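Visitor: Got a sequence here, can you build the structure:
(one chain, ligands or ions: 1)
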Amino acid sequence: MNRFVRTMAILAWAGASCCAKADVIQCVPHYAKEGAKCSATGAANRSGWAIRSNVLTAEHLYVGGLVRWNSAGRIEQVGCADVKTDERLLDCPGEVVAPGFINLHEHLNFGADKPLPPPAHPLSSHRDWQDDPSLWGGKSAPWTLSGQLIGLVELRHLLSGTTTIAGRARAKGLTRNPDAGWFASVANITFPFGKHGLASSDHCRDRRILSGKKPTLVHAGEGTDAESRAEIACLLDNREALAQSEPLTLVHAMAVDEPLAARMKGLDVSIVWSPRSNMFLYAATAPVDVLLRAGVSISLGTDWLLSGSATLLDEARYAQSLSMNGKALSDDLLMDMMTTHPAAAIGMRGQLGELSVGAYADMVGFKLHEGDDPKRNILSSDTHDVSLVLVDGKLKFVGEGASVALDTFVPKSDCAVLPETKCAPNGYACGARSLKRALKRPDAAEVLCPVTGPVNTKLQFGAAPFPS
Ligand SMILES: [Zn+2]
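Guide: Residues are numbered from 1 along each chain as shown. Purely as a prediction, here's the structure:
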């Protein structure tokens, strides 16, 4: 280990001091370089390859670290390692490579719609907006039925670093979709009590909503009224009565109070938090301070474009902008909410949301900002700062900084050039044939770069969302 210079805290890893929190391991001296493009070495046409870059794992930032994976797309090695003779290697000193984000709350079928006009007054529960004529003239929300559009919505998420989406739909060859397809490993249930809610406690007892044997995501407690609270209590009763042991995650769970939060912790139930959508519709959101104090695990989700964020990174920034008493959520916690927490919520801890041996090679390369802590670097990135995205060790996006990868690591013929837009990076989307036609649609740029309106960040009612 003597060739590694290991330090804590202050260390010049990119020519400037940085990284107050990350434990930095310098694998290659003077390696990191802002603005440097990737280079490629090694022979083509071999299975499995490797990336050398500034690699962020749960414990360390490896400067000049290596991630090596096999032909099954599983990581075999992470950290400081020598490059093998003739090894196929993409070498990216100008990037920070991190695990791909996991978004457990998206409705891909609505992802190409226009954002809603703000409701005239804060709503009380999902039952209000489902019927509110001021929002959609008395009709229900329109669906994005086209497979091409779903592909473009997935691409929008990929281009901002999300590699796994539980979105009740899927496009072939893009993000990982644990809740879609014939053999979905995750059950994803929307509004199990319907539009009219729980008629009585008997009505709750009779239901066997959680009788399945899969990790489950279920919409519950979307609203601030007593009925929203009753939905949560009912599902916790169900979990106890049916002795369900697979991971259970409540989507929204706004109507939680301290006793319910304590029950959730006791029953090992987590939540997916979608603050932008909640604040837009209800001017309130889940009491994150109560949930954190109780020890409940929280993941972030975008909900849908009609009232939520266009990307998970946007959602993280919105979450951080909500401040109570001058406090905001930490970068560390927000990163966990997009990686390790959602991985655990779908029973895939150790396989997704981290760069570790045995995990899937789902990775994102963000342009390095010299002097930033690596997590701040990532959270302050916009889509122009994403240079490469891999799912299963296969390139799904190749940006300008990594263009050398075309024809070396992915045939250019498998890729489609992205249209010029205000927000999407220049580069190529790869690995999904349907995208070539989808990207030629006149509405492609609008789907990739939707305009979302402002949402207030002041809580008008509901519990304070931050730890005090
Ligand atoms: Zn939803």
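Visitor: list the helices and strands the lengthiest helix in the chain packs on?
Guide: In the chain, with assignment by DSSP state H, the single longest helix is helix 226-241. Judged by 3 or more CB pairs under 8 Å, 6 or more residues apart in numbering; DSSP states H and E, helix 226-241 is in contact with helix 201-205, strand 216-220, strand 248-252, helix 258-266. No exception for glycine: its C-beta is placed from N, CA and C like everyone else's.
Visitor: possible to save the ones you listed as JSON lines with mean pLDDT and mean neighbour count?
Guide: JSON lines is the format used below for the helices and strands packed on helix 226-241 (pLDDT from 0 to 100; neighbours: other CB atoms under 10 Å):
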{"stretch": "helix 201-205", "mean pLDDT": "70", "mean neighbour count": "13"}
{"stretch": "strand 216-220", "mean pLDDT": "96", "mean neighbour count": "26"}
{"stretch": "strand 248-252", "mean pLDDT": "97", "mean neighbour count": "26"}
{"stretch": "helix 258-266", "mean pLDDT": "97", "mean neighbour count": "18"}
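Visitor: Select, out of the ones you listed, the one closest to residue 56.
Guide: Evaluated over the helices and strands packed on helix 226-241, closeness to residue 56 peaks at strand 248-252, with 24.9 Å, by CB to CB.
Visitor: on that earlier part again, ok, residues contacting the longest helix of the chain?
Guide: 124-127, 192-193, 197-198, 201, 204-205, 207-210, 218, 220-222, 244, 248, 250, 253-257, 260, 263-264, 267, 269 (CB atoms under 8 Å, 6 or more residues apart in numbering).
Visitor: Tell me which residues of it come out buried.
Guide: 227-239 (16 or more other CB atoms under 10 Å).
Visitor: Please identify which of those is nearest to residue 304.
Guide: Out of the buried residues of helix 226-241, the member with the shortest distance to residue 304 (by CB to CB) is residue 228, at 18.3 Å.
Visitor: do you know how far the nearest residue to residue 177 once chain neighbours are set aside is from residue 265?
Guide: Leaving aside its sequence neighbours, residue 177 sits nearest to residue 170 (CB to CB, 6 or more residues apart in numbering; 3.8 Å). Here the distance between residue 170 and residue 265 works out to 32 Å (CB to CB, to the nearest Å).
Visitor: Let me have the buried residues of helix 226-241 in TSV, adding distance to residue 65 as columns.
Guide: Converted to TSV, the buried residues of helix 226-241 look like this (distance: CB to CB, whole Å):
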residue	distance to residue 65
227	51
228	46
229	47
230	50
231	45
232	43
233	47
234	47
235	42
236	43
237	48
238	45
239	41
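Visitor: Can I get those residues in TSV including pLDDT?
Guide: Output for the buried residues of helix 226-241, formatted as TSV (pLDDT from 0 to 100):
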residue	pLDDT
227	89
228	91
229	92
230	91
231	92
232	94
233	93
234	92
235	93
236	94
237	92
238	91
239	93
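Visitor: Tell me both backbone torsions, phi and psi, for residue 88.
Guide: Dihedral pair for residue 88: phi -80, psi 120, per degrees, to the nearest 10.
Visitor: again, but for residue 336
Guide: Torsion angles, degrees, to the nearest 10, at residue 336: phi -60, psi -40.
Visitor: can you check residue 415 too?
Guide: The phi/psi pair for residue 415 (degrees, to the nearest 10) is phi -120, psi 160.
Visitor: Does it touch residue 429 like I think?
Guide: Yes - the pair residue 415 / residue 429 is scored as a contact, 6.4 Å apart, by CB atoms under 8 Å.
Visitor: more crowded one of these two?
Guide: Under the neighbour definition other CB atoms under 10 Å, residue 415 and residue 429 were set side by side, and residue 429 has more, 29 against 23.
Visitor: and residue 246, that's in a helix?
Guide: No - the assignment for residue 246, made by DSSP: H, G, I helix; E, B strand; the rest coil, is coil rather than a helix.
Visitor: what's the spacing between the residue nearest to it when sequence neighbours are not counted and residue 184?
Guide: In this structure, residue 246 finds its nearest non-sequential neighbour in residue 215, 4.9 Å apart by CB to CB, 6+ apart. Distance from residue 215 to residue 184, counting by CB to CB: 10 Å.
Visitor: Of these two, give the one with the bigger neighbour count.
Guide: Neighbours were counted for residue 215 and for residue 184 using other CB under 10 Å; residue 215 has more, 21 against 15.
Visitor: ok, now which ones touch that one?
Guide: Residue 215 touches 185-187, 246-249, 345-347, counting by CB under 8 Å, 6+ apart.
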